[in-house]
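*Asks:* sequence and predicted structure below; questions after.
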Amino acid sequence: MIAKKSKPVLVTILQVNRQVTLVEWVSDGAAHRGYVPSSLVVDGSVETTELASAAPYGVPWAALFQVDAKSLPEKLEKALHNANLWTYRDVCNNPQAVIGAIQVAYGIDFSAVMAAARKYETGG
């Protein structure tokens with residue numbers, strides 16, 4: 001059986017600490033960051049298989065927030081109406097109110113993101 005060959009992926013080197021390098025790469029339209037052994041970074045690239053096992057960097061946002069997708073449309077409608085956003089013109093004239101309504105519907109705002117990040121990084 002022939003082993004599938006790994007492809008080199010261009011990375012941005014963000015930090016080098018002795019034997020470990022923090023790199024950033026884009027895969028399927030999403031940015032990723034992770035730590036890899038410095039010896040694996042060759043000409044600004046790292047093999048795909050090595051990136052798959054990179055030690056992740058940053059907060060895993062998707063794991064920290066849960067949204068009830070079934071009820072979201074109704075919550076958004078209620079929040080938009082409560083913010084007096086009923087028409088296209090209302091939305092165009094009040095972009096901050098729209099942002100606020102979206103935050104209400106999702107139940108996530110800046111302080112919730114900040115608290116989740118702090119809790120994750122402090123282990124609390």
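*Replies:* Structure's in. What do you need? Numbers count the residues shown, from 1 in each chain.

*Asks:* tell me where this protein has helices.
*Replies:* Taking DSSP state H as the criterion, the chain contains helices spanning 48-52, 61-64, 72-82, 88-93, 95-106, 110-122.

*Asks:* so for stretch 58-77, mean pLDDT?
*Replies:* Taken as a whole, stretch 58-77 has an average pLDDT of 92.

*Asks:* how far does that stretch stretch from start to finish?
*Replies:* Stretch 58-77 has an end-to-end distance of 33 Å (criterion: Cα to Cα, to the nearest Å).

*Asks:* do the same with stretch 55-74
*Replies:* End-to-end distance for stretch 55-74: 39 Å, by Cα to Cα.

*Asks:* again with stretch 49-61
*Replies:* Distance between the boundary residues of stretch 49-61 (Cα to Cα) amounts to 24 Å.

*Asks:* dihedrals phi and psi, residue 59?
*Replies:* Note on residue 59: backbone dihedrals following degrees, to the nearest 10 are phi -80, psi 130.

*Asks:* contacts only, for it.
*Replies:* For residue 59, the contact set (Cβ atoms under 8 Å, 6 or more residues apart in numbering) comprises 116-117, 120-121. In this view, the C-beta of every residue, glycine as well, is placed from N, C-alpha and C.

*Asks:* ok, 7 Å please
*Replies:* 117, 120 (Cβ atoms under 7 Å, 6 or more residues apart in numbering).
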